[in-house]
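Asker: below are the sequence and a predicted model for it; my questions follow.
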Amino acid sequence: MQEIEQVIREDLGKEIKELFVSFEDTPLGAASLAQVHKAVLQDGRTVAVKVQHPKVQAQSSKDILLMEILLLTVKQIFPDFEFMWLVDEAKKNLPLELDFLNEGRNAEKVAHMLKDFDFLKVPRIYWELSTRRVLLMEFVEGGQVNDRAYMERNSIDVNEISRNLGKLYSEMIFVNGFVHCDPHPGNVLVRKCPATGKAHIILLDHGLYQVLTEKFRLDYCRLWQSLIKADMKRVQKYSRRLGAGDLYPLFACMLTARSWDSVNRGIDRSPVTANEDVEIRTNAATYLPQINQLLNKVPRQMLLLLKTNDLLRGIESALHTRASASSFLNMSRCCIRAVSTYQRSKSHSLYRKAKISLLEALTLWQINLYELFLRLKGSRLGNWVIAFLSRMHHSPY
């Protein structure tokens with residue numbers, strides 16, 4: 001606690017007791033870079049105070065240097081060992097994560113970017129008491145997003161949460177190209193809003209974001225469209241454009257966490273089975289050299305997206321909502337909107353722009369109709385209609 005008091009004193013120029021009516025000694029959460037405490041300001045606002053450990057700045061440079069030396073040593077012994085990209089990523093991302101003002105700006109940017117999603121809550125930043133090492137935020141409580149029991153106790157629809165999380169990340173990745181890259185369960189909370197009774201997703205820890213270039217984002221959109229349609233020629237084309245080369249089948253499997261047979265059949269056609277999960281884990285060990293080679297070939301932007309995909313799949317697995325048809329439909333909508341927006345921006349003909357907009361609206365309408373069909377099919381009313389039509393079909397009259 002003395003170190004926390006020291007950082008607050010150095011950065012805010014006052015003692016804890018001068019700034020807060022109360023300040024809980026036990027942190028809400030602690031990690032290698034910082035820890036978060038619940039506190040109450042003099043004006044009565046309850047806040048979360050994120051405080052960086054005082055020696056992290058100096059220690060992080062030493063850690064990166066040590067990592068670089070170790071990896072270079074291993075590479076000398078094993079020339080095929082190609083993991084130097086880990087050092088490059090650490091050098092780029094760690095300084096950003098250590099700047100809490102950058103984290104605050106990211107939080108405000110994503111809150112504005114996704115303001116139309118009424119189920120999303122991003123805690124407000126209190127800039128007057130924030131520095132590079134101290135970040136003051138609105139205090140928001142909730143259960144972790146992978147805690148199915150918490151959701152059941154609080155009458156929160158697990159499928160709705162999974163669906164909305166997919167919407168958030170599809171919008172970030174495919175439409176905006178500004179992606180929160182650390183969605184582990186401690187950074188994504190859920191709660192039932194006291195005022196409205198609606199389920200909220202609370203997005204925390206905005207230190208690590210990936211900004212996607214337009215070219216990368218559009219190629220990634222088209223790749224996912226091809227994967228969903230099982231259009232293998234285009235899967236190969238866009239995988240190669242994203243640097244996968246001849247390893248495009250492995251790349252497709254890594255992105256979808258599905259077997260090559262499932263990718264060929266269509267990843268939205270059948271759920272993941274226990275046998276397929278075993279096959280994927282076995283192949284991951286078998287193809288480790290090829291995976292290593294692939295990670296060195298793809299753009300650096302892809303690395304954090306792969307990590308993000310894995311974290312999101314872990315949440316879906318914990319909630320038992322993995323790879324639902326709804327998640328693929330949401331991805332399809334975002335991909336269509338992103339590609340159509342790009343095509344309109346490059347067109348100088350009003351007729352061409354109108355044609356693109358009409359095709360976009362028609363395709364989105366088809367997706368909505370298909371989603372309605374899936375919902376009806378899974379409902380009691382849908383089952384009743386199907387049974388009724390079946391009896392009518394077999395009626396002698």
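Answerer: Here it is on my side, so go on.
Asker: please make it C-alpha for all contacts and neighbour counts, starting now.
Answerer: Will do.
Asker: OK, contacts around Gly29?
Answerer: By Cα atoms under 8 Å, 6 or more residues apart in numbering, the residues touching Gly29 are Gln35, Val36, His37.
Asker: can you give me the helices for the stretch 51-200 of the chain?
Answerer: 56-77, 85-97, 100-113, 148-153, 158-170 (DSSP state H, counting those that start in this stretch).
Asker: now do the stretch 251-397 of the chain
Answerer: Ranges of helices in the stretch 251-397 of the chain, per DSSP H, counting those that start in this stretch, are 260-265, 274-286, 288-297, 300-319, 325-346, 350-378, 380-394.
Asker: I'd like those laid out as a markdown table, including mean neighbour count, mean pLDDT and distance to Asp147.
Answerer: Converted to a markdown table, those look like this (neighbours: other Cα atoms under 10 Å; pLDDT from 0 to 100; distance: least, Cα to Cα, whole Å):
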| stretch | mean neighbour count | mean pLDDT | distance to Asp147 |
| --- | --- | --- | --- |
| helix 260-265 | 18 | 89 | 29 |
| helix 274-286 | 12 | 82 | 22 |
| helix 288-297 | 16 | 87 | 31 |
| helix 300-319 | 18 | 88 | 8 |
| helix 325-346 | 19 | 86 | 20 |
| helix 350-378 | 14 | 83 | 25 |
| helix 380-394 | 12 | 56 | 28 |
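Asker: tell me which of those sits nearest to Ser60.
Answerer: helix 300-319 (19.8 Å; Cα to Cα).
Asker: how far away from the center of its chain is that closest one?
Answerer: Averaged C-alpha coordinates place helix 300-319 at 7 Å from its chain's average position (Cα atoms, centre = their mean, to the nearest Å).
Asker: now do that helix: which elements does it pack against?
Answerer: Under the contact criterion of 3 or more Cα pairs under 8 Å, 6 or more residues apart in numbering; DSSP states H and E, helix 300-319 touches helix 158-170, strand 209-211, helix 248-256.
Asker: contacts for the first one, please.
Answerer: Put plainly, it is helix 158-170. 114, 119, 148, 151-152, 179, 190, 199, 201, 316, 319, 321, 326-327, 330-331, 334.
Asker: burial measure for Lys115, as a count.
Answerer: Neighbour count for Lys115, taken as other Cα atoms under 10 Å: 13.
Asker: no no, Met254
Answerer: 18.
Asker: now Gly44
Answerer: 11.
Asker: list the contacts of it.
Answerer: Val21.
Asker: before we move on, what about Pro289?
Answerer: So Pro289 contacts nothing (Cα under 8 Å, 6+ apart).
Asker: low-confidence ranges, this structure, go.
Answerer: Within the chain, the segments meeting pLDDT under 70 span 80-82, 84, 322-326, 374-375, 377-397.
Asker: mind putting the helices of the stretch 51-200 of the chain into CSV with mean neighbour count and distance to Ile8?
Answerer: Shown next, in CSV, are the helices of the stretch 51-200 of the chain (neighbours: other Cα atoms under 10 Å; distance: least, Cα to Cα, whole Å):
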stretch, mean neighbour count, distance to Ile8
helix 56-77, 14, 15
helix 85-97, 15, 18
helix 100-113, 18, 13
helix 148-153, 15, 34
helix 158-170, 20, 34
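Asker: relative to Leu218, which of these is closest?
Answerer: Nearest to Leu218 among the helices of the stretch 51-200 of the chain is helix 158-170; the distance by Cα to Cα comes to 12.8 Å.
Asker: report the distance from that closest one to the chain centre.
Answerer: Averaged C-alpha coordinates place helix 158-170 at 10 Å from its chain's average position (Cα atoms, centre = their mean).
Asker: quick one: Ser262 from Arg269, how far?
Answerer: 8 Å (Cα to Cα, to the nearest Å).
Asker: for Gln35, same thing?
Answerer: 44 Å.
Asker: now swap in Arg258 and tell me
Answerer: 12 Å.
Asker: more neighbours: which of these two?
Answerer: Looking at Arg258 and Arg269 with other Cα under 10 Å, you find the greater number of neighbours at Arg258, namely 22 against 15.
Asker: do I have it right that the more buried one meets Arg281?
Answerer: No. Shown here, Arg258 and Arg281 do not form a contact pair, counting by Cα atoms under 8 Å, at 10.4 Å.
Asker: please name the bridge partners of Val188.
Answerer: Leu203 (DSSP bridges).
Asker: next one: the one 4 residues further on
Answerer: The residues listed as beta-bridge partners of Lys192 by DSSP bridges are Ala199.
Asker: which residues touch it?
Answerer: Asn154, Ile156, Lys198, Ala199, His200.
Asker: what's the separation between the residue nearest to the third one when sequence neighbours are not counted and Lys115?
Answerer: In this structure, Lys198 finds its nearest non-sequential neighbour in Lys192, 5.6 Å apart by Cα to Cα, 6 or more residues apart in numbering. Plainly put, Lys192 is 18 Å away from Lys115 if you go by Cα to Cα.
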